[in-house]
Every structure is written in C-alpha cells, then in structure tokens.
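In: sharing a model that was predicted from the sequence below.
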Amino acid sequence: MDILAIIGAIFGAGAIAGGVLTAMSARVVAQYEKGLVFRFGRVVGTRDPGLRMLIPFVDRMRKISTQIVTMPVPAQDGITRDNVTVRVDAVVYFRVVDPVCAVVEVQNYLFAVGQVAQTSLRSIIGKSDLDSLLSNREELNKGLEIMIDSPALSWGIHIDRVEIKDVSIPDSLKRSMSRQAEAERERRARVISAEGELQASKMLAQAGAQMAESPASLQLRLLETVVQVAAEKNSTLVLPFPVELLRFLERSTPPEPTVGATPPASEPTLAAPESTAPEIAPPEPTPALGQGDTQAANQDGMRS
C-alpha cells in the first residue's frame, strides 16, 4: 500500500508539473499580432495568430501589433521660404510589415517614427511658400510621406499616409491677407463693370446706326420712353423735344414788318457842312419777334 501511494504521489506530482510547464509554454497570439520568438537571445522565427507552444525557460515571445498606428505629430514652428513664421501640425498613419526589423533594427520604432515625422515636417515648412502650405496640401502630404517612408522602410515599417492638420499664421498676416483678398475682389468688380460698359457702348453704337437708317424707329423709341415714364405715378412728365424741329419752324416762318420802322431812302441826301460836333447815327430799326434768331440761324448756316 505504501508503494502504491508513493507511485500515485509521483504520478500526481508529474502531472501537476506537466500542467504547469504546459501552461508556461502556451502562448496565444491575436489575429492582429505577430509573435517574435527569441531563444537564448536569438530570433528563431515568428508565430502566426493562434495557440502557440514554446520551450519553457528557453524561448521568449514578444508580440508586435500589425494594426495601423495613428500618431499625431506635435505642432512645429518654422519659417517658410518667403520668410513667414507659421505653426504646423500633422498626423502619421503607419503599420509594421516586418516584425523582426521593427524589433531588432531600431530600439523603439514608435519613438523613431515620431522623431522622423517632426524633422521631416520642419524640412517641408522651410522648403515651401505660405501659399503652398495653405492651398497645395495634397502635394505637401505626398512629399512628407516620401520623406518619412525612406528611413522607415529599413525598420520594417510602412507609412500609409501623412496629413497636415492645421497651419497657424500670425494675426497681423491674417489681416493683411484679408485686405489683399478684398482688394482683389474690388479689382475684379471694376474689371467686370468696365467690360459691361464696353459691351453696352458697342450695342448702343449698333442701335444708333440702325436708328439712323430708319428715322421712324427713333420716334417709336421716343414714344416708348414716354410711356415708361408715364407708367410711374409722377405728377411731372418730361417730354424731350428736338431742337432741330424748332429751327425748322423758325426758318419757315416769314419775318413780320415792325410798326414805325423807317424804310431806307432811295434819294441821295445832301452832304452836311463840316462841324466839330460829333455825328449822331440814326437809330437802327428794331427787329421783329423771331427776326434776330432767324438772322443768327442764317449766319450759322453761312459759316457752316
């Protein structure tokens, strides 16, 4: 009985020890992880997701996540190529593609990627203009991605994309940019107004030439203008009257003789003796109503 008890105790202790060793050697690798196995300090391989067994007290496993890591880049102060002080921050998306290189080649790949992103962002700021930082974000993102991805490839890390989040500029520069934009809009408004005046002048010239060929159209246009003015509730009606019609009526009206006018003498008058007194000229006949205007019109016609 004592021997059987001893044997049973030995088997029980062996089973317990085997269970403990099995528990110590079993490792579970998640679907989004890769298991990197070290045996006496040397990398012997990687383990895929699932339940994996190791040699107790000999193997050591380090799990590396293969998910995409979102790393914000702290805001960096820099001076652009056109000497403007700006503050730019960004975000980097990357993932581990080679766990061996990510663990062996670099001490801390997360810290290394963050430092490379900051230095690359400063370099991009110094090479770009302010207009490029504000408008050409896509090109700058591609250039920044290439700059970060070049050293990260040797670390077993792939940079998926890099995005510039915000560009902060001084308040004085913001006011200057707003004034510049306002002046630009004012310039465009003036150019558009000038183009409209030019097109209107061309159309008016064509309309004037066409009305000159048919005088009746001018009269119809005049009547239409009168109708438009009369349509409004006004107590005063302004009716344009051509001056040429007044001149035509003035020329066609014969001058009337003035009452008391002295007709010119036909007989010669005797010469008066010379005297020291000044001669008094006879009064000129007063022109009839409308006669002076007629003579002025005739003189204008002779001059033309």
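Out: Right, received. Where do you want to start? From a predicted model like this one, the values you see are computed outputs, not experimental measurements.

In: end to end on stretch 27-36, go ahead and measure it.
Out: 11 Å (C-alpha to C-alpha, to the nearest Å).

In: show me where this structure has its helices.
Out: Listed in chain order, the helices of the chain (DSSP state H) span 2-25, 99-104, 109-127, 130-135, 137-152, 171-213, 215-231, 243-252, 291-303.

In: okay if I get these as TSV plus distance to residue 84, mean pLDDT and mean neighbour count?
Out: C-beta coordinates here come from the backbone N, C-alpha and C atoms, glycine included. Formatted as TSV, the helices of the chain follow (distance: least, C-beta to C-beta, whole Å; pLDDT from 0 to 100; neighbours: other C-beta atoms under 10 Å):
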stretch	distance to residue 84	mean pLDDT	mean neighbour count
helix 2-25	61	71	10
helix 99-104	38	89	18
helix 109-127	10	91	18
helix 130-135	5	84	15
helix 137-152	15	88	17
helix 171-213	7	87	10
helix 215-231	57	75	11
helix 243-252	65	72	10
helix 291-303	70	45	12
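
In: can you put the ones you listed in CSV and add distance to residue 60?
Out: As requested, these are exported to CSV (distance: least, C-beta to C-beta, whole Å):
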stretch, distance to residue 60
helix 2-25, 11
helix 99-104, 12
helix 109-127, 19
helix 130-135, 47
helix 137-152, 26
helix 171-213, 56
helix 215-231, 98
helix 243-252, 113
helix 291-303, 119
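
In: so which of those is nearest residue 51?
Out: Nearest of the helices of the chain to residue 51, taken as C-beta to C-beta: helix 2-25 at 10.7 Å.

In: which strands and helices lie in contact with that closest one?
Out: Applying 3 or more C-beta pairs under 8 Å, 6 or more residues apart in numbering; DSSP states H and E, one finds that helix 2-25 contacts no other helix or strand.

In: identify the residues contacting it?
Out: Helix 2-25 has contacts (C-beta atoms under 8 Å, 6 or more residues apart in numbering) with 53-57, 59.

In: could you redo the last one with a cut-off of 7 Å?
Out: With C-beta atoms under 7 Å, 6 or more residues apart in numbering as the test, helix 2-25 has contacts from 53-56.

In: including neighbour count and pLDDT, could those residues go into CSV?
Out: Formatted as CSV, the contacts of helix 2-25 follow (neighbours: other C-beta atoms under 10 Å; pLDDT from 0 to 100):
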residue, neighbour count, pLDDT
53, 11, 81
54, 18, 82
55, 13, 81
56, 13, 80
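
In: which ones among these are found in strands?
Out: residue 53 (DSSP state E).

In: between the contacts of helix 2-25, which sits nearest residue 102?
Out: Set against residue 102, the nearest of the contacts of helix 2-25 by C-beta to C-beta is residue 54 (20.4 Å).

In: which one is the closest one nearest to, not counting chain neighbours?
Out: Residue nearest to residue 54 in three dimensions, not counting chain neighbours: residue 25, with 4.8 Å by C-beta to C-beta, 6 or more residues apart in numbering.

In: for residue 71, list each beta-bridge partner.
Out: residue 92 (DSSP bridges).

In: tell me how many other residues crowd it.
Out: The tally of other residues near residue 71 (other C-beta atoms under 10 Å) stands at 14.

In: how far away is it from residue 185?
Out: 41 Å (C-beta to C-beta, to the nearest Å).

In: what of residue 66?
Out: According to C-beta to C-beta, residue 66 stands 52 Å off from residue 185.

In: now swap in residue 222 and tell me
Out: Separation of residue 222 from residue 185 (C-beta to C-beta): 40 Å.
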